[in-house]
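Engineer: Provided below are the primary sequence and the corresponding predicted coordinates.
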Amino acid sequence: MKSTRAKDSFKRGLVAVAAAFTLMAGTAIAAEPIKIGSFLSVTGGAAFLGDPEQKTLELYVEKINAGGGVLGRKLELVAYDSAGDAEKARTFVKRLIEQDKVDVIVGGSTTGETMAVVPLVEAAQVPFISLAGAVVIVEPVKKWVFKTPHTDRMACEKIFIDMQSRKLSKIALISGPGGFDKSMRGQCLGVAKKYGVDVIADETYGKGDTDMTAQLTKIKNTAGVQAVLNAGFGEGPAIVTKNYRQIGISVPLYQSHGVASKEFIKLAGAAAEGVRLPAAALLVAESLPASDPQRPVVVAYKKEYESRFKSEVSTFGGHAYDGLYLVVEAMKKAGGTDKAKVRDALEGVRGFMGTAGVFNMSAGDHMGLDLSAFRMLEVKGGDWTLVK
Amino acid sequence: MLSRLAAPRTGGMLALAVVIALLPLVLSNKYFYDIAVLVGLNAIVCVGLNLLIGYAGQISLGHAGFFGAGAYGSAILASRYGWPPLAAMLATTLAVAALAFLVGRPILRLKGHYLAMATLGLGIIIFMVITTEDRFTGGPDGISVVPLSIGGFVLQGERLWYWVVGALLLLAVWLALNLIESPAGRALRALHSSEVGAEVVGINAAEHKLMVFVISAVFASIAGSLAAHYSGFVTPGKAAFLHSIELVTMVVFGGMASTFGAVVGAAVLTTLPQLLTVFEDYEMMVFGAVMMGTMIFLPRGVVPSVARLFRARRREPADHAETRR
């Protein structure tokens, strides 16, 4: 009895050794994988950003590997959950650089997390594509830092251009307390002059407010207001929209790209009719005309994501898609993973079609998107429609 | 001699110094140094907080507020107004001490849950101010901070910071141990067991509680200032309620009324999330399970429970000898 067991374990040992050898041989033949580092807010308050971003990265790394990888090498994703905490993000980026020795970093769901790690990637000279929104990330330009999402300033500009075309020049601004709201309010005030727009009322509401009638009444009573712009995120804008109709303000209402999701229409209900807002093409993927050069990319991404995860696609995941493919594109152009060459190649990207629009990077612009990235949408019959 | 070494003030200090001196042998890259620095900074806060929670028996759910105030004070004065970092740190520390003194007086009259609520409120107010006063603080997106420089010498790099934070941690532990052994420390412990009893024997409870509240706030503020200069960037998250909870958890986990427990708690809870990343999606669950397991099996916190086990084992043979006789 005992001897058979000993024999068994000996045999098992042999098999294990053989397996180990074949494994080693296997890795020796295949080239080292290309390591893509990432840190995202998969949990915590910014999970709505990090979750689709991580899913997208996983999905497309898998897809690229199934198609043979990049330059004959497989991609390996090393992703950590920074939970929206800048300190954690910093530690994880150190880990990515020092411990995991990644070739490139794609991540950073929030502006705070991104800005906290900028000094690290600059010092370590690792190409870094941020997935966060604010302008400060790429202005002033930082040598190793790029970003894929459009900025709130572009949203302001898009809105103001639309206002110009409707001959609306005296507007009221109403904004919330969050980071997004504050940043956008500042940017809009900054560029208003350039488009001949006068902000004649500037109201704010607090976190968790459930009624904005007071602020809106003030706006209603301000003489000469031709349009209202709500720079807001989350539930606030839906409440503003409802109150707006309740107290019977008749001038056009503009919302920001921050509420560009079906959720907003659901929350605001019938009050949302006629509201205009700028949004990425991804939201209206299927209704884009067939001639639109962006259509194939956004439709493919939407299909891929929704069939895999059975949940609605969001622009945030799209930013991760753009980041990953920009890196792949740059590596192909650089012919390898040499960090300086990849960085130069990233800066040289021209006419790359992503979910957010066409990327034309340059030494002075590390985002590379222009206003065509945004589409002006209007709510009609409980759905988004493109404004011609 | 041996008994002297076994006393926490000398033996413990020596052990901590040896650990800090030898740790670099296993820290093979900057990432490990970074974790060590974070452990040190958290430990400084916890040593201070432990004086309040463990010795004086007063809860605070707002200490991240002091940490954040320290971080933002340094950040704003040094980065926005160009103050020398040390002067900024000093001014901030004094301001936080004054704040703790002013607020502490009325707050510390409260007991138990009410005190918890009041400190919680204080922390939230500081957090709100930092988030909303974006002209000074940069708002929710945070603010970048200049590196710590002392008269032309710029303190930069994880290795240098490691030694600085290590030395400061030793200093913090030394101060705490001395305070505990002093008459004031004995008064605090008396307070912890019975406030009425302590007052009957002539201890001014309010004054002692206030003193330890201010001291713990100062520890948190200095650690906050250092953290801001070290990482070069602060976000309001450092002042948030969740961070307060983390700090209290470190103290309780390591063992209340044990200065070295506070250090161990800070070390374990800072490194654990880094170790648990191998569990990926189950990271938080495993983290929770470790916490629950520790509190069930080592209910007095890691250090006191383990120390007790050792003591019990040492006493056992002696007990046997006695019965035999």
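Structural biologist: Arrived safely, thanks for sending. Numbering: from 1, shown residues only, chains lettered A, B, ... in the order given.
Engineer: Do a quick rundown of the strands in chain B.
Structural biologist: Ranges of strands in chain B, per DSSP state E, are B:143-144, B:148-150, B:153-155, B:233-234.
Engineer: What of the stretch 101-250 of chain A?
Structural biologist: Counting by DSSP state E, counting those that start in this stretch, the stretch 101-250 of chain A has strands at residues A:104-107, A:128-130, A:145-147, A:170-175, A:198-204, A:227-231.
Engineer: Looking at those, which is nearest to chain B?
Structural biologist: Smallest distance to chain B across these (Cβ to the nearest Cβ): 9.9 Å, for strand A:198-204. For the C-beta atoms, the positions are set from N, CA and C on the backbone; glycine is no exception.
Engineer: Now chain A against chain B: closest residue?
Structural biologist: Counting by Cβ to the nearest Cβ, chain A gets nearest to chain B through residue A:179 (3.3 Å).
Engineer: Not counting its neighbours along the chain, what's nearest that residue?
Structural biologist: residue B:140 (3.3 Å; Cβ to Cβ, 6 or more residues apart in numbering or on different chains).
Engineer: residue contacts, residue A:178?
Structural biologist: By Cβ atoms under 8 Å, 6 or more residues apart in numbering or on different chains, the contact list for residue A:178 reads A:207, A:232, A:233, A:234, B:140.
Engineer: Could you measure from the fourth one over to residue A:45?
Structural biologist: So the one you mean is residue A:234. To residue A:45, residue A:234 is 11 Å away according to Cβ to Cβ, to the nearest Å.
Engineer: what does stretch A:261-271 rub up against?
Structural biologist: With Cβ under 8 Å, 6+ apart, stretch A:261-271 has contacts from A:235, A:237-238, A:241-242, A:244-246, A:255, A:272, A:275, A:283, A:312, A:314, A:379, A:382-384.
Engineer: Would you write a ChimeraX line that selects the buried entries of these?
Structural biologist: Buried subset of the contacts of stretch A:261-271, written as a ChimeraX selection, criterion 16 or more other Cβ atoms under 10 Å in any protein chain shown:
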select /A:235,237,238,241,242,244,245,255,272,275,283,314,379,384
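Engineer: Narrow the contacts of stretch A:261-271 to those in helices?
Structural biologist: Members of the contacts of stretch A:261-271 lying in helices (criterion: DSSP state H): A:237, A:238, A:241, A:242, A:244, A:245, A:246.
Engineer: Redo the residues you listed as CSV? Include pLDDT.
Structural biologist: Putting the ones in helices among the contacts of stretch A:261-271 into CSV (pLDDT from 0 to 100) gives the following:
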residue, pLDDT
A:237, 92
A:238, 92
A:241, 94
A:242, 94
A:244, 94
A:245, 93
A:246, 93
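Engineer: Output the residues you listed as TSV; include the columns distance to chain B.
Structural biologist: As requested, the ones in helices among the contacts of stretch A:261-271 are exported to TSV (distance: Cβ to the nearest Cβ, whole Å):
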residue	distance to chain B
A:237	18
A:238	21
A:241	24
A:242	25
A:244	25
A:245	29
A:246	28
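Engineer: Wait, residue A:170 touches residue A:200, no?
Structural biologist: Yes: using Cβ atoms under 8 Å, residue A:170 makes contact with residue A:200 at a distance of 5.3 Å.
Engineer: Overlap in contacts, those two.
Structural biologist: Joint contacts of residue A:170 and residue A:200 (Cβ under 8 Å, 6+ apart) are A:224, A:225.
Engineer: possible to save the strands of the stretch 101-250 of chain A as JSON lines with mean neighbour count, distance to residue B:227 and mean pLDDT?
Structural biologist: Listed next are the strands of the stretch 101-250 of chain A as JSON lines, based on neighbours: other Cβ atoms under 10 Å in any protein chain shown; distance: least, Cβ to Cβ, whole Å; pLDDT from 0 to 100:
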{"stretch": "strand A:104-107", "mean neighbour count": "29", "distance to residue B:227": "22", "mean pLDDT": "96"}
{"stretch": "strand A:128-130", "mean neighbour count": "29", "distance to residue B:227": "23", "mean pLDDT": "97"}
{"stretch": "strand A:145-147", "mean neighbour count": "25", "distance to residue B:227": "23", "mean pLDDT": "96"}
{"stretch": "strand A:170-175", "mean neighbour count": "24", "distance to residue B:227": "31", "mean pLDDT": "94"}
{"stretch": "strand A:198-204", "mean neighbour count": "16", "distance to residue B:227": "31", "mean pLDDT": "93"}
{"stretch": "strand A:227-231", "mean neighbour count": "26", "distance to residue B:227": "32", "mean pLDDT": "94"}
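Engineer: Using the three-state scheme, assign residue A:35.
Structural biologist: Following DSSP: H, G, I helix; E, B strand; the rest coil, residue A:35 is assigned to strand.
Engineer: Can you give me the distance of the closest residue to it other than its chain neighbours to residue A:128?
Structural biologist: Leaving out its chain neighbours, the residue that sits closest to residue A:35 by Cβ to Cβ, 6+ apart is residue A:102, at 4.2 Å. To residue A:128, residue A:102 is 10 Å away according to Cβ to Cβ.
Engineer: For the closest residue to chain A within chain B, the count of nearby residues, please.
Structural biologist: Proximity of chain B to chain A (Cβ to the nearest Cβ) peaks at residue B:140, 3.3 Å away. Residue B:140 is flanked by 22 other residues according to other Cβ atoms under 10 Å in any protein chain shown.
Engineer: Wait, it touches residue A:112, no?
Structural biologist: Yes: using Cβ under 8 Å, residue B:140 is in contact with residue A:112, at 6.8 Å.
Engineer: hey, what's in contact with both of these two?
Structural biologist: By Cβ under 8 Å, 6+ apart, the residues touching both residue B:140 and residue A:112 are A:179, B:235.
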